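> Dropping a prediction and its sequence here:
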2 protein chains.
Amino acid sequence: MSRTIGILHPGAMGVSVAASAKNSGNTVYWAGEGRSATTHQRAEDVGLVDAGSLADLCQQCEVILSVCPPAAAEQVAQDVIATEFSGLYLDANAIAPQRAERIGQAMAEAGITFVDGGIIGGPAWEPGRTWLYLSGQSAPEIAACFASGPLETSIVSEQIGQASALKMVFAAYSKGTTALLAAIVATAESLGVREALNAQWSRGGSTFAEETEQRVRRVTAKAWRFEGEMHEIAATLAGAGLPDGFHLAAAEVYSRMADFKDAPETPELAAVLQALLESD
Amino acid sequence: MSRTIGILHPGAMGVSVAASAKNSGNTVYWAGEGRSATTHQRAEDVGLVDAGSLADLCQQCEVILSVCPPAAAEQVAQDVIATEFSGLYLDANAIAPQRAERIGQAMAEAGITFVDGGIIGGPAWEPGRTWLYLSGQSAPEIAACFASGPLETSIVSEQIGQASALKMVFAAYSKGTTALLAAIVATAESLGVREALNAQWSRGGSTFAEETEQRVRRVTAKAWRFEGEMHEIAATLAGAGLPDGFHLAAAEVYSRMADFKDAPETPELAAVLQALLESD
């Protein structure tokens, strides 16, 4: 069954989600009004239809997909409610489950059918690499929009918040440990024992030291948007009665790397450590 | 060259350090006064000579090795200074480098030659498994005490504090991630997504989910003494200008597991999660 689907917004991840919806036989729209030339190009490249304004998009579409930075998720949802949209809305963002529940509540009061989502993996251009987890009574309707992939879908439960919870606990380890490693390597550098640490990490032929260096250097390009996600994860752990300090510290680490956002190439480790050791 | 060496104290790690010193041709003493029957048995099993009191031990020995919980390290050092010991002293404890420097300063003022140390690995009963890292001008003299192993030694530098720094940054990852995983699994349990998280962690045939469960269950026996070490690591990161929140959170996680210290066997995961989720 072909549906009309609107994507908010076609960033690097969002455009891949839109492409999977299109690949599954749907017509996919976006709201080009006021967006950058880069975003227009990205949307055109996968054949999205420009509906114009957000209001136009919401009038045109039966389904709206929200894929945006975590800090923007509630505002995007409020903006959609304000258009008097009355279809099916997916929040696929990296937000704490209590925030997903709050958005779901506001959507229900506005007569919008809400599905909670969380994406694990990078932009979805290949099968078996990226999963959209879904929860809520209407999760199967969203899953049907992506039936032909390459984005994979998996329904967690009927309970709003559980898809977000899964995303949070998964990223809590992957992104939490990258931040921890960055803090450790910077501390070792500051205390003059970075080479000794690498030697210990390399015992028995382990490649952990090299992998860590690559991981710390490569995360710099994405660090600017991980700070907000770390705050969501901290709130998730706190909501469950566990300490939020791991991810508040990770947020601080990522904030110190945020200026690498527009770096033309992956920075040398020395430059990353300098940014981490310069306190503000 | 055979030396007279005193060990403070022959716990699970300390007795293995003492055994390596003895294996290297030295006579190794301990201070049995006021210690438990278990500790007496452990010391006897490896042939340590009971010198009696701490004062007797310090009078008898040219070298004193301190292997104790981090929170006790400064008190043990002060107690040795009070005996008017004037030989060579190794602090091999998991303490922040600034604390090692402070102990070294007090030792120097008391006319005691100080070497900083840090042990990476479990009790040293096999070669190539456990490293005693050393720093300070007299580090080679300590290394010579263990020439025949199985405890391995490695000299980091002549600078007091660097052996401790290396121990701290190494344990920051190994013990920090175990605590993080415990917090994540407990959060997933609380939010009803633990099975879904395990399924995601098991994609592609990965054994990460099972390994995590084993790691979280097995650490419970040692958690009671990791809380203090996490505070030392937090101080180490803070001293270098990095966030201390990762390891303050880890200290809280380990404190919630501390009651498993005397458990007769490794607890089931359900019992560990219950302890983590019961806030005090």
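Looks like it came in fine.
> how many degrees apart are the longest helix seen in chain A and helix B:162-190 in direction?
Of all the segments of type helix in chain A, defined by DSSP state H, the longest one is helix A:162-190. Computed by axes from the mean of the first three to the mean of the last three C-alpha atoms, to 10 degrees, the angle separating helix A:162-190 from helix B:162-190 equals 180 degrees.
> Tell me if helix A:162-190 is near chain B.
Yes: Helix A:162-190 comes into contact with chain B when judged by C-beta under 8 Å from any C-beta of the partner chain, the residues involved being A:162, A:165-166, A:168-170, A:172-173, A:176-177, A:180-181, A:183-184, A:186-188, A:190. Yep, even glycine has a C-beta here, placed from its N, CA and C like the rest.
> Give the rounded mean pLDDT of that helix.
When pLDDT is averaged over helix A:162-190, the result is 98.
> How about A:Gly118: what's its closest non-neighbour residue?
Excluding its sequence neighbours, the residue lying closest to A:Gly118 (C-beta to C-beta, 6 or more residues apart in numbering or on different chains) is A:Lys167, at 2.7 Å.
> ugh, wrong one, I meant A:Gly32
What sits nearest to A:Gly32 in space, not counting adjacent residues and going by C-beta to C-beta, 6+ apart, is A:Asp50, at 3.9 Å.
> Would you state the predicted confidence (pLDDT) at the one you found?
Taken from the predicted model, the pLDDT recorded for A:Asp50 is 98.
> Direction included, what does the helix or strand harbouring A:Tyr89 pair against?
With secondary structure defined by DSSP states H and E, A:Tyr89 is part of strand A:88-91. The partner list of strand A:88-91 in its sheet, established with DSSP bridges, is strand A:63-66 (parallel), strand A:113-120 (parallel).
> Turn those into TSV, columns for mean neighbour count and mean pLDDT.
Converted to TSV, those look like this (neighbours: other C-beta atoms under 10 Å in any protein chain shown; pLDDT from 0 to 100):
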stretch	mean neighbour count	mean pLDDT
strand A:63-66	24	98
strand A:113-120	24	98
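> Tabulate these (JSON lines), appending distance to B:Glu152.
As requested, the strands paired with strand A:88-91 are exported to JSON lines (distance: least, C-beta to C-beta, whole Å):
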{"stretch": "strand A:63-66", "distance to B:Glu152": "55"}
{"stretch": "strand A:113-120", "distance to B:Glu152": "41"}
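> Alongside chain B, which residues does the stretch 51-200 of chain A contribute?
Of all the residues in the stretch 51-200 of chain A, those in contact range of chain B (C-beta under 8 Å from any C-beta) are A:97, A:120, A:131, A:133, A:156-157, A:159, A:161-162, A:165-166, A:168-170, A:172-173, A:176-177, A:180-181, A:183-184, A:186-188, A:190-193, A:196-197, A:200.
> quick revisit: what residues are bridge-paired with the residue nearest to A:Gly32?
Under the criterion used (DSSP bridges), A:Asp50 bridges to A:Trp30.
> about what we covered before: quick check, the residue nearest to A:Gly118 in contact with A:Gly121.
No: the pair A:Lys167 / A:Gly121 is not scored as a contact, 10.6 Å apart, by C-beta atoms under 8 Å.
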